[in-house]
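After the sequence you'll find the predicted model.
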Amino acid sequence: MKIIAKLACLLVPFAFTSCAKSKDKTLIIWTNNTEIVSYVELFNATHEKTKAVVVYKKEPARALPPSKDEITPDIIIGPWLKNSLTRKYFTAIDYLFAEKSVSKTQFYKKLLDYGCINEKQYLLPVSFNLPAMIFSKKNESLVGNDHYLDFEHIKEIATKFNSKNEKEAYTAMGFGPSWDSEFLYTLTKLNGSSYREKGTSFLWDQEAMHNSVNQIKYWTSFCNTDTTTEQNFQFRYLYMPFYRQVTSGRCLFAYTTSDKLFTLTDAQSSSVSFRWIVQDNKIPVEDNILTMGLYKGAEHSSQAEVFISWLLKEETQQKLIERTENMKLDSVNFGIAGGFSSIHDVNEKYYPAFYRQLLGNMPPEEYLTLPNILPYRWESLKANVILPYLTDSTNTNGAKNNSTLEERITEWTKQFY
């Protein structure tokens, strides 16, 4: 927490400095990613002619366009930048490829394509994360040696892990789907729910959602008696952090994502292993892909090009990962800007040296499945509408709230209009 506070404090002087230098050639970067502050410090220390400052924006996509009394940004780095309401604020940057400032071939192609709009490159990917299941190394033989787990396999071996006492009360439970609403959401994504924007709201595949709900309810009923039993077990035994849950001996699996998994300390991670979550050779990239774009009203586009080119160099990212470790920030931040790098060689060459569990365990590019375009309020929609709906609709003992997903969206929307 002290390290996070220090990073937050660093943002303040940068923001004030940007006000003082608004008329010079100082590059203005808007972001909600605190790691960018450290990157800008290194950039400024190694560039005499071009300097940059960071202005913190909690939600960069929702901060566009800048208000009249704000300094115009040059670069914006954040999630949710591609939706229909924000894409108009960015300039096409295909010319960077023509000038060889940035190489197309260095990126994961699917991630690069994610930043395209009408066949033009408006956004460049910076980082991304993946879902995973963790377990105690003591149970490695039970889980198997493959790098991946699909839902049927998770269910099968989790059920085998279950045990009861003479009173038929569970003393161990492999995994309960109701323990983590993010796990439920990931399952719906892999089953083809296909969430996608519609204005400030979203659409989805109703049949895939229905099938997902039924699959989860069957899982709970067949393997763990019912939802109440799952949740009572969680309340009684799994009140500790996710990495300690699996080493307690009470459960086999816990759900997490790569940014949380690889910020565990050596002591926390020494007894756990993981597998990527996969379905039909697809691993869903987390929705909050970090992208970078050149603001259409940028006053310092040439300086912005220098920073973009520098940040997306392989040797730069190697130094940034080393810097994170040397500053003892690796228990707060993972990899590049909190995730896997969008540059495949960086992940293959440098990540295993700093994150040893990734040695030989980087998923192939063809497995990655990118999310659809999502509205800039997606985090709020997901937290307040989708996750509660999934929690209620998959409850085998009856939902606390029986309203449909459509009704919940309507209710949520009222607060904005």
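Happy to help now that I have it. Numbering: from 1, shown residues only.

Check what contacts the helix or strand where residue 113 lies and list those residues.
Element membership of residue 113 [criterion: DSSP states H and E] is helix 109-114. Residues from elsewhere that reach helix 109-114 (C-beta atoms under 8 Å, 6 or more residues apart in numbering): 82, 104, 121, 123-125, 128, 285, 289, 291, 342, 365, 368, 370. Using the backbone N, CA and C atoms, a C-beta is placed for each residue, glycine as well.

Would you write a ChimeraX line that selects the buried entries of these?
Buried members of these, defined by 16 or more other C-beta atoms under 10 Å, are picked up in ChimeraX with:
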select :82,121,123,124,125,128,285,289,291,342,368,370
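
Please convert the contacts of helix 109-114 to TSV, extending it with pLDDT.
Listed next are the contacts of helix 109-114 as TSV, based on pLDDT from 0 to 100:
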residue	pLDDT
82	91
104	94
121	96
123	97
124	97
125	98
128	97
285	97
289	97
291	97
342	97
365	93
368	96
370	96
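
Of all pairs in the contacts of helix 109-114, which one is the farthest apart?
82 and 365 (20.0 Å; C-beta to C-beta).

tell me the secondary structure for residue 25?
Recorded secondary structure, residue 25: coil (DSSP: H, G, I helix; E, B strand; the rest coil).

And it, how close does it get to residue 305?
13 Å (C-beta to C-beta, to the nearest Å).

Settle it for me: which of the two has more neighbours?
residue 305 (22 against 12; other C-beta atoms under 10 Å).

I'd say the more buried one and residue 91 touch.
No. Taking contacts as C-beta atoms under 8 Å, residue 305 lies outside contact range of residue 91: 10.9 Å.

anything in contact with each of these two?
The contact sets of residue 305 and residue 91 overlap at residue 294 (C-beta under 8 Å, 6+ apart).

Could you count how many residues lie near residue 152?
The burial count for residue 152: 11, using other C-beta under 10 Å.

Check for me that it belongs to a helix.
Yes. According to three-state DSSP, residue 152 belongs to a helix.

what separates it from residue 106, distance-wise?
36 Å.

Tell me the secondary structure at the residue nearest to residue 200 when sequence neighbours are not counted.
Once flanking residues are discounted, residue 200 sits nearest to residue 375: 5.4 Å by C-beta to C-beta, 6 or more residues apart in numbering. Of the three states, residue 375 takes coil under three-state DSSP.

Would you agree residue 375 is in contact with residue 196?
No. Here residue 375 does not reach residue 196: they are 9.1 Å apart, not a contact under C-beta under 8 Å.

Helices of the stretch 301-417 of the chain, start to end?
301-311, 314-326, 344-349, 351-354, 378-381, 387-393, 405-413 (DSSP state H, counting those that start in this stretch).

got a markdown table for the ones you listed, with mean pLDDT and distance to residue 183 too?
Shown next, in a markdown table, are these (pLDDT from 0 to 100; distance: least, C-beta to C-beta, whole Å):
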| stretch | mean pLDDT | distance to residue 183 |
| --- | --- | --- |
| helix 301-311 | 96 | 33 |
| helix 314-326 | 91 | 28 |
| helix 344-349 | 95 | 24 |
| helix 351-354 | 92 | 25 |
| helix 378-381 | 93 | 17 |
| helix 387-393 | 96 | 10 |
| helix 405-413 | 91 | 18 |
